[in-house]
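Asker: let me see the structure of the following:
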Amino acid sequence: MSADVPQLTRRMRAGEEAAYREFYHAYYDRLFRYLLVVAAGDLEAAEEALEATVLRVVRYIKVFPAEDVFWSWLTVLARSAFRDHGRKHRRYLAFLERFTRHQVVAESDPESSAAEARLLAALDRSLDALPEDERKLVEWKYFDHRPVRDIAAELETSEKAIESRLTRIRRKLKDVLMDQLKHE
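Answerer: This is a model prediction of the structure:
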C-alpha cells in the first residue's frame, strides 16, 4: 500500500495521472478481491462493480488523512457500486420479462398489434406537433437514452429544470394522444 495516502490522494485530487497509476497498482487487486467476496464469487458482478468503483474514485476523490480512512471510503464506494449493479441488473431482467410477455401477447392477438400501431402513429403525430426544442428534449432523453445530467450540461441548465420540462412535455403529449385516440 502507499505509505503516504494524504500525498497520493492530494495528487489524485489534482488530476495527476501518475498518482492514479499508483492508486491502481496499490488498490486495484485489493478492491477486486474485496468485491469478489461481496459478490459471493460472482466474477462478472465483481468486475462490473470494480469498474464503477474506479469511476467513482476518479469523480469523487478527496484528500484522506490516513490509509485506513481511505480504504474505508473505497469499500463504501465498492459496496455501493455493487448494490447499484445488482439493482440495474434486476431492473433489466424485469424489463426483459415484461417485454417478452408483451411480445407473446402482441403476436397472439392481431387486434392488440393494430391498436399498438395506431398508438405509435398517434405518438409520431404528437411528437411532430411539438415545438423543436421540446421534441429535441424528448428525442435526447427517450430515443437517444441520454442521461438528464448530460442534457442539462448541453443546455447549460440544471437537472431539475430538465426533469420539470420533461414532466410538462409528457403531460402535454398524453393530453394530445388521448384527444387523438378519442376521435379514432
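
Asker: residues contacting residue 166?
Answerer: Shown in contact with residue 166 (CB atoms under 8 Å, 6 or more residues apart in numbering): 137, 138, 141, 148. For every residue, glycine as well, the C-beta is placed using N, CA and C.

Asker: host element of it?
Answerer: helix 159-182 (DSSP states H and E).

Asker: list the buried residues for that helix?
Answerer: 162, 165, 166, 169, 173, 176, 177, 180 (16 or more other CB atoms under 10 Å).

Asker: related to what we said a few turns ago, what's the most distant pair in the contacts of residue 166?
Answerer: Using CB to CB, the contacts of residue 166 span at most 12.5 Å, a distance reached by 138 and 148.

Asker: residue boundaries of the helices in the chain?
Answerer: 5-13, 17-38, 43-60, 67-108, 110-129, 132-138, 148-155, 159-182 (DSSP state H).

Asker: could you tell me the least trusted of those?
Answerer: Of all the helices of the chain, helix 110-129 carries the lowest average pLDDT, namely a mean of 75.

Asker: find me the pLDDT at the spatially most central residue of the chain, would you?
Answerer: Among the residues of the chain, residue 147 comes closest to the average C-alpha position under CA atoms, centre = their mean, at 6.9 Å. On pLDDT, residue 147 comes in at 90.

Asker: angles on the backbone of it, please.
Answerer: Main-chain torsions, residue 147, degrees, to the nearest 10: phi -70, psi 150.

Asker: want to throw the buried residues of helix 159-182 into TSV with distance to residue 63?
Answerer: Below are the buried residues of helix 159-182 laid out as TSV (distance: CB to CB, whole Å):
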residue	distance to residue 63
162	32
165	38
166	38
169	43
173	48
176	53
177	53
180	58
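
Asker: quick one: which of the residues you listed is nearest residue 55?
Answerer: residue 162 (22.3 Å).

Asker: check contacts around the closest one.
Answerer: So residue 162 contacts 137, 148, 151, 152, 155 (CB under 8 Å, 6+ apart).

Asker: do the same with residue 137
Answerer: Residue 137 makes contacts with 151, 162, 165, 166, 169, as judged by CB under 8 Å, 6+ apart.

Asker: can you redo those residues as TSV with distance to residue 29?
Answerer: Output for those, formatted as TSV (distance: CB to CB, whole Å):
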residue	distance to residue 29
151	37
162	40
165	45
166	42
169	47
